[in-house]
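*Asks:* Provided below are the primary sequence and the corresponding predicted coordinates.
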Amino acid sequence: MRVLVTGGAGFIGANFVQQTVAERPDARVTVLDALTYAGDRSSLAPVADRVSFVQGSVTDADLVDGLVADADVVVHFAAESHNDNSLTDPSPFVQTNVVGTFTLLEAVRRHGVRYHHVSTDEVYGDLPLEGGERFTPATPYNPSSPYSSTKAASDLLVRAWVRSFGIEATISNCSNNYGPYQHVEKFIPRQVTNLIDGVRPRVYGAGANVRDWIHVADHNTAVWAIIEAGRVGETYLIGADGETSNLEVVRTLNELFGRDADDFDHVADRAGHDLRYAIDATKLRTELGWAPRFTDFRSGLAATVDWYRANEDWWRPAKAAVEARYARGGQ
Ligand code: NAD
Ligand code: TDX
């Protein structure tokens, strides 16, 4: 099977490519990645000899056409992915997330190639902190940020291309991922690398916001389950019942570093900050028989801390610039 992975030098894409090479000897993987600030070719170093790497943008119609023509399945991870950046400059989010998806869909339509669209639970907006409500595939779209609105737009393009042109596509909307190779701008790697540097964790606002954490490896087994057995035109929600408040995350990290759990700082809140995400993954579990393997968040976090300790060469080059950017926003 010839697999074209967009965004394969990013966090989830690189884990997907490594996992695919390790577990699927029949897969021939090509990565298309623009190597923005978020992409790092060294994330693919362990499998470099098994992967064809093409540096370029998903908005480049000619390049995309040739690569899609040569694939059996396209797995689309490439995106601008950070909410905070989308509040500073939404423009690349519209280009990559909307125009890039459009460009891929047109190529998939021309060449009749199977397409899987990787998206986020943030398209559904947020939930109240209390009450236990969860997102389902029937939840109306109600995105809050420039990031999530461009992801929502891209999902709707996919649905329209299925209905209007009959392309063979599936969509997944996953909750917050954690694990190795995540950029230091994101919540967990930022705090882990702060703690390695002896800096107190930084929590936005009161810190009561809840995210539904899933290990990146579990996200990726779900993506493969959908590619292999998902019904064309369907949306699957991916989540592993990992609801945890930001306060609980930093307390656990402090404990893993042998520090007082409450030794952290509250900093300026994010504009429009979503309160709570929670996924009902019943459809994925019952229809496709998927189940997560990383069900103990604390030990998953401990393994992630170990990875960042052991791979300082990977994250150190980005750290100072990320912290300087946060400092300008009082965060
Ligand atoms: P990331 O920011 O770590 O990686 C994105 C990758 O896309 C980078 O390698 C970057 O170089 C590449 N890229 C950016 N613009 C590009 C362009 N125009 N053309 C080609 N490549 C380009 O993101 P991530 O966290 O790995 O997220 C991957 C996907 O998963 C995204 O679509 C995101 O919306 C979705 N998602 C992420 C999470 C999460 O918790 N991180 C949760 C649910 C869904
Ligand atoms: O320093 C911080 N302090 C803090 O309290 C940072 C960077 C974040 N936060 C908070 C904001 C969120 O409530 O932590 C939570 C997680 O923040 P992010 O890592 O920025 O993730 P989030 O905004 O929830 O979005 C993530 O999950 C859904 C990914 O970045 C998206 O790509 C994905 O779609």
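*Replies:* Great, that's in hand. Ligands and ions are numbered 1, 2, ... in the order given.

*Asks:* can you list contacts of stretch 258-275?
*Replies:* Applying C-beta atoms under 8 Å, 6 or more residues apart in numbering, the external contacts of stretch 258-275 come out as 83-84, 87, 122, 125-129, 144-145, 148, 195, 200-210, 250-252, 254-255, 329-331. C-beta: built from backbone N, CA, C; applies to glycine.

*Asks:* could you pull up phi and psi at the residue nearest to Arg41 when sequence neighbours are not counted?
*Replies:* Spatial nearest neighbour of Arg41, chain neighbours left out: Ala9 (5.6 Å); criterion: C-beta to C-beta, 6 or more residues apart in numbering. Main-chain dihedrals, Ala9, degrees, to the nearest 10: phi -100, psi 0.

*Asks:* near ligand 1 too, which of the contacts of stretch 258-275?
*Replies:* Among the contacts of stretch 258-275, no residue lies close to ligand 1 (C-beta under 6 Å from any ligand atom).

*Asks:* out of those, which sit inside strands?
*Replies:* Per DSSP state E, strands hold the following members of those: Arg202, Val203, Tyr204, Val210.

*Asks:* what's the closest of those residues to ligand 2?
*Replies:* Distance to ligand 2, by C-beta to the nearest ligand atom, is smallest for Tyr204 among the ones in strands among the contacts of stretch 258-275, at 3.6 Å.

*Asks:* residues in a beta bridge with that closest one, which ones?
*Replies:* Val267 (DSSP bridges).

*Asks:* ok, it touching Gln331?
*Replies:* Yes: using C-beta atoms under 8 Å, Tyr204 is in contact with Gln331, at 6.8 Å.

*Asks:* where's the nearest residue to Pro140 once chain neighbours are set aside relative to Gly272, distance?
*Replies:* Spatial nearest neighbour of Pro140, chain neighbours left out: Tyr124 (7.4 Å); criterion: C-beta to C-beta, 6+ apart. Noted for Tyr124: a distance of 15 Å to Gly272, by C-beta to C-beta, to the nearest Å.

*Asks:* give me the phi and psi angles of the residue lying farthest from the centre of the chain.
*Replies:* Relative to the mean C-alpha coordinate of the chain, counting by C-alpha atoms, centre = their mean, the farthest residue is Asp260 (30.5 Å). Main-chain dihedrals, Asp260, degrees, to the nearest 10: phi -60, psi 130.

*Asks:* and Tyr326, how many neighbours does it have?
*Replies:* 16 (other C-beta atoms under 10 Å).

*Asks:* find the helix or strand that it is a member of.
*Replies:* helix 312-328 (DSSP states H and E).

*Asks:* in this structure Arg28 contacts Met1, no?
*Replies:* Yes: the criterion here is C-beta under 8 Å, and Arg28 meets it with Met1 at 7.0 Å.

*Asks:* rewinding a little: the residue farthest from the centre of the chain and ligand 2, how far apart?
*Replies:* Using C-beta to the nearest ligand atom, to the nearest Å, Asp260 is found at 18 Å from ligand 2.

*Asks:* since that was my last question, I'll sign off now.
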